[in-house]
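Trainee: A predicted structure for the sequence below; I have some questions about it.
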Amino acid sequence: MILFDGKIFSDDRLDFILNQLPEHCIHTLENQISLYQKVIHACSILSEQIQKGLFDSIIQPLLDRGMFTKHQLQQAVSFFQREHIETKYQIELGCLTEHLAPIILPSGITIQRSYVPLGVLFHIAAGNAEGLPFYSVIEGMLAGNINILKLPSMDDGLSILLLQKLVQIEPCLAPYIAVFDISSTHTTILKKLENISDAIVVWGGDEAVRAARTLASPSTQIISWGHKLSFAYLTLDAKEEELRGLAAHICETNQLLCSSCQGIFVDTDKKDVIQSIGHSFLKLLEEESITYPPLSIGIRGKTSISLYNEELESEDSHREILRGKGASIILSYDSEPELSYMFRNCWIKPLPRKNIVKMLKPSKGYLQTVGLLCLEKDRLALSKELIKAGVVRVTYGSDMSRTIPGEAHDGEYALRRYSKLVEVEI
């Protein structure tokens with residue numbers, strides 16, 4: 001399925017549309033309009049329609065399959081309400097464009113400065129979060145760009161549907177959106193799309209970023225939102241209610257997001273403390289797990305095999321596996337951050353606070369969010385140590401994956417990355 005200039009086409013029209021696309025982009029750039037108010041208006045109307053149930057036939061099956069929870073859906077919908085998306089635009093880009101003073105030279109020449117769109121963005125989206133491709137295009141349009149989107153391989157059609165509805169609300173947005181459902185193996189097609197783009201926006205891990213760099217010509221910018229690693233840091237005087245909030249977060253996100261908790265570092269170097277916390281946290285995970293949709297048989301089977309392999313290798317790895325109902329924990333005694341098996345499985349490791357920077361700094365490019373569970377009197381000092389190590393976001397345990405307007409992503413503002421500063425002598 002293809003979305004081009006506001007219309008849906010079947011895949012057999014791909015070659016025809018690819019031939020039209022370069023001229024289409026040039027024509028759109030030549031007749032460029034200010035987009036952000038149009039985008040804000042269309043998003044606010046779309047969020048109202050979702051709240052009224054107009055998309056329940058698409059959204060309900062995704063809820064039933066556990067692709068996201070009702071709370072996550074409500075968060076996402078509220079994010080596109082007018083006041084929220086206006087706040088995002090104002091903080092990320094509007095404050096710059098409105099207060100960018102000219103430079104006056106001694107000669108009397110004035111240099112006017114302004115932020116303008118990069119031009120054409122080619123989004124290569126990841127499939128680890130429902131609606132992420134749609135969101136990526138919205139950010140591109142808020143900055144004023146034409147947006148070409150390659151859907152992830154397992155896309156369920158939600159993003160293309162929402163983008164089509166957006167164009168129906170604001171037809172002037174049609175020239176700024178082109179969506180293709182093509183395989184990553186079709187490098188010839190991807191190269192054609194790259195050739196007409198000013199930047200590739202790639203969501204994914206190291207392999208996806210490397211593939212984008214191989215695809216891109218020297219004149220095409222790479223804007224990567226790579227997979228990140230997030231975890232919790234726990235002091236021994238943290239409250240149980242904070243741990244329960246962290247357990248709820250793990251069950252709600254199934255640890256699929258870059259901001260999801262993969263494991264817990266504990267401010268200790270004692271093995272018996274790690275074991276005690278492991279058993280008590282497993283109980284909380286089990287209790288929270290039953291309040292969320294059950295995992296599919298396939299996911300449970302895959303996790304069970306992974307844990308069985310861990311048990312077979314435990315004599316050499318010195319890791320301990322705690323199995324629970326709907327959840328599990330791996331106790332490990334190194335201090336290396338790593339991905340978990342996800343789906344309500346997490347690791348617990350020792351990391352005394354004096355070693356935070358030394359042990360985490362080697363992973364600096366991959367660290368994102370830390371859910372910090374401690375007494376308030378220690379919160380600022382521990383946050384500083386984590387930030388020195390490369391972490392870009394410190395939250396409470398229950399808030400690791402919450403999003404609010406104006407908050408940075410991976411330590412950067414997307415709308416600024418999708419813009420460039422230009423200068424003109426007057």
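Mentor: Received, thanks.

Trainee: can you show me the strands along the stretch 151-300 of the chain?
Mentor: All strands of the stretch 151-300 of the chain, identified by DSSP state E, counting those that start in this stretch, fall at 177-180, 199-204, 221-226, 229-234, 261-266.

Trainee: tell me where the stretch 1-150 of the chain has helices.
Mentor: Using DSSP state H, counting those that start in this stretch, the helices of the stretch 1-150 of the chain run over 14-30, 36-51, 56-64, 70-79, 82-89, 95-98, 132-142.

Trainee: picking up where we left off before, and the strands of the stretch 151-300 of the chain: which comes nearest A247?
Mentor: strand 261-266 (9.3 Å; C-beta to C-beta). For the C-beta atoms, the positions are set from N, CA and C on the backbone; glycine is no exception.

Trainee: and E252, how many residues sit next to it?
Mentor: Close neighbours of E252, defined as other C-beta atoms under 10 Å, add up to 19.

Trainee: which residues touch it?
Mentor: Shown in contact with E252 (C-beta atoms under 8 Å, 6 or more residues apart in numbering): 69, 71-72, 292, 401.

Trainee: residue ranges with poor pLDDT in the stretch 151-300 of the chain?
Mentor: Residues of the stretch 151-300 of the chain meeting the criterion pLDDT under 70: none.

Trainee: just the helices in it please.
Mentor: Counting by DSSP H, counting those that start in this stretch, the stretch 151-300 of the chain has helices at residues 158-169, 187-195, 206-215, 240-253, 271-289, 297-317.

Trainee: ok so, going back, for the contacts of E252, pick the one with the most neighbours.
Mentor: The residue in those with the most neighbours, by other C-beta under 10 Å, is S401 (23 neighbours).

Trainee: right, and that one touches Q255 too?
Mentor: No: using C-beta atoms under 8 Å, S401 makes no contact with Q255, being 9.6 Å away.

Trainee: related to what we said a few turns ago, turn the strands of the stretch 151-300 of the chain into a markdown table, columns for mean neighbour count.
Mentor: Conversion of the strands of the stretch 151-300 of the chain to a markdown table gives the following (neighbours: other C-beta atoms under 10 Å):
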| stretch | mean neighbour count |
| --- | --- |
| strand 177-180 | 24 |
| strand 199-204 | 24 |
| strand 221-226 | 18 |
| strand 229-234 | 25 |
| strand 261-266 | 23 |
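
Trainee: distance to Y418 for the ones you listed - can I get that in TSV?
Mentor: Conversion of those to TSV gives the following (distance: least, C-beta to C-beta, whole Å):
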stretch	distance to Y418
strand 177-180	15
strand 199-204	7
strand 221-226	7
strand 229-234	24
strand 261-266	29
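
Trainee: those strands: which one's closest to L105?
Mentor: Closest approach to L105 among those (C-beta to C-beta): strand 221-226, 29.6 Å.

Trainee: ok so, going back, can I get the helices of the stretch 151-300 of the chain in a markdown table including distance to F16?
Mentor: Compiled in a markdown table, the helices of the stretch 151-300 of the chain are given as follows (distance: least, C-beta to C-beta, whole Å):
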| stretch | distance to F16 |
| --- | --- |
| helix 158-169 | 18 |
| helix 187-195 | 13 |
| helix 206-215 | 23 |
| helix 240-253 | 41 |
| helix 271-289 | 50 |
| helix 297-317 | 39 |
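
Trainee: just name the most buried of those.
Mentor: Per-stretch averages of neighbours, counted by mean count of other C-beta atoms under 10 Å, single out helix 240-253 among the helices of the stretch 151-300 of the chain, with a mean of 21.

Trainee: relative to the whole chain's centre, how far out is that helix?
Mentor: How far helix 240-253 lies from its chain's middle: 20 Å, per C-alpha atoms, centre = their mean, to the nearest Å.

Trainee: compute the inter-axis angle for that helix and helix 70-79.
Mentor: Here helix 240-253 points in a direction 80 degrees away from that of helix 70-79 (axes from the mean of the first three to the mean of the last three C-alpha atoms, to 10 degrees).

Trainee: out of the helices of the stretch 151-300 of the chain, nearest to L142?
Mentor: helix 158-169 (12.2 Å).
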